[in-house]
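Chemist: Give me the fold of what follows.
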Amino acid sequence: MMNKRYVAVLVALLVAVVVMFVGRDRKRYFSHEGVVWTTDYHITYEASRDLGDSIQRILGELDMSVSPYNKSSLLTALNAGDTSLVDNHIRRLLITSREVNSGSGGAYDPTVMPLVNAWGFGYKNGTMPTRTQLDSILHFVGMDKVSLRGDTLVKRDHRVMLDFSSIAKGYACDEIARMLQRNGARNWLVEIGGEVAARGVNSRGTPWQVSVDLPDEEEDAVSHQSAMVLTLDSSAVATSGNYRKWRVEQGNKLSHIIDPHTGDSRSGTLLSVTVIAGDCMTADAWATACMVMGEKQVKTMMQPRSDLGVMTISADTVSGTLVVWSNAAFAARVTPAQ
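Modeler: Numbering: from 1, shown residues only. Predicted structure coming up:
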């Protein structure tokens, strides 16, 4: 009798332990949203526990590292010359920036910060810089004027300044995705300001689908009219455009897209570029590079590429309509209309 009672108690304890562990490991979908760097973010993932604290930690860490608008950030100190030591975040951003800079013929360049400020789209006020002013600033703009020597940032001119605004949101998406994977997540969608990294399926068990907005040039309003829907899995998408962050000065439309070769504000017929890549940081940087390059060069360079899916939306000034172009790698991700 004692043996039977002992066995019964032991079995009951084992069942309780199994139930406890199964319950702990059972996964469900969590969602978080908020505002970071003046833009909205939405994150959905499947995990065995809520990882919201880890998400906030990453966003806070990146703000203290790479934000040019945070006066206490490491990047602010680097730009001011108060330090020359970089962290792993800035190191990785610099490495990818240099790769995209080289691949785009210099169209992508994070040293444009002084030009962005001069045009009034940065953290300093500016309006309409003269040609002489722009030419003067161009003397300390260019990736050839900055390098890494171990953990040290080396500037050829102390006035060189870095701006990772065109790549930081994508990098943040990647960092959060890596954290989710480390914590056992297999399905997620991370979106920050329209830049998206996705893997696996949603809570309905179907692939993640992301809508790409049509350009809307209303100065005082933001609309979200869908141009098309993309299916993403283990990939990322980013869009850059001159249709939201712009203003009119002396009858001229000025865009926050700055050409690092000339110092000019780019505001032609190319309204937006959407790029699909294996990681969001790369997609983010290439979207900006394509906006700088312009419609003709983008088509020539991106038509044969299979590693980057690219779509452009341009304005036809004659008919007043929008013209959409994409390479084959992008078209393969478009979800057919239902």
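Chemist: quick one, phi/psi of residue 174?
Modeler: Taking degrees, to the nearest 10, you get phi -60, psi -40 for the backbone angles of residue 174.
Chemist: measure it to residue 276 for me?
Modeler: Distance of residue 174 to residue 276, given as Cβ to Cβ, to the nearest Å: 14 Å. To be clear about C-beta, it is placed using only N, CA and C from the backbone, and glycine gets the same treatment.
Chemist: With neighbour numbers in mind, choose between those two.
Modeler: More crowded of residue 174 and residue 276, by other Cβ atoms under 10 Å: residue 276, with 27 against 23.
Chemist: Checking that one next. Helix, strand or coil?
Modeler: strand (DSSP: H, G, I helix; E, B strand; the rest coil).
Chemist: quick one: contacts for residue 226?
Modeler: Applying Cβ atoms under 8 Å, 6 or more residues apart in numbering to residue 226 gives the contacts 211, 212, 213, 214.
Chemist: residues contacting the last one?
Modeler: So that's residue 214. So residue 214 contacts 225, 226, 227, 313, 322 (Cβ under 8 Å, 6+ apart).
Chemist: Please repeat the previous calculation with a cut-off of 6 Å.
Modeler: Shown in contact with residue 214 (Cβ atoms under 6 Å, 6 or more residues apart in numbering): 225, 227.
Chemist: can you check the second one too?
Modeler: Taking Cβ under 6 Å, 6+ apart as the definition of contact, the neighbours of residue 212 are 227, 228, 274.
Chemist: tell me which element residue 189 falls in.
Modeler: Per DSSP states H and E, residue 189 falls inside strand 188-192.
Chemist: So which residues of the stretch 101-250 of the chain form strands?
Modeler: All strands of the stretch 101-250 of the chain, identified by DSSP state E, counting those that start in this stretch, fall at 146-149, 152-155, 188-192, 195-199, 208-213, 226-232, 235-241, 246-249.
Chemist: Redo those strands as CSV? Include mean pLDDT and distance to residue 86.
Modeler: Listed next are the strands of the stretch 101-250 of the chain as CSV, based on pLDDT from 0 to 100; distance: least, Cβ to Cβ, whole Å:
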stretch, mean pLDDT, distance to residue 86
strand 146-149, 96, 7
strand 152-155, 97, 5
strand 188-192, 98, 22
strand 195-199, 97, 23
strand 208-213, 92, 32
strand 226-232, 88, 31
strand 235-241, 94, 24
strand 246-249, 53, 32
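Chemist: can these go into JSON lines with extra columns for distance to residue 257?
Modeler: Shown next, in JSON lines, are the strands of the stretch 101-250 of the chain (distance: least, Cβ to Cβ, whole Å):
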{"stretch": "strand 146-149", "distance to residue 257": "21"}
{"stretch": "strand 152-155", "distance to residue 257": "24"}
{"stretch": "strand 188-192", "distance to residue 257": "19"}
{"stretch": "strand 195-199", "distance to residue 257": "16"}
{"stretch": "strand 208-213", "distance to residue 257": "17"}
{"stretch": "strand 226-232", "distance to residue 257": "19"}
{"stretch": "strand 235-241", "distance to residue 257": "7"}
{"stretch": "strand 246-249", "distance to residue 257": "9"}
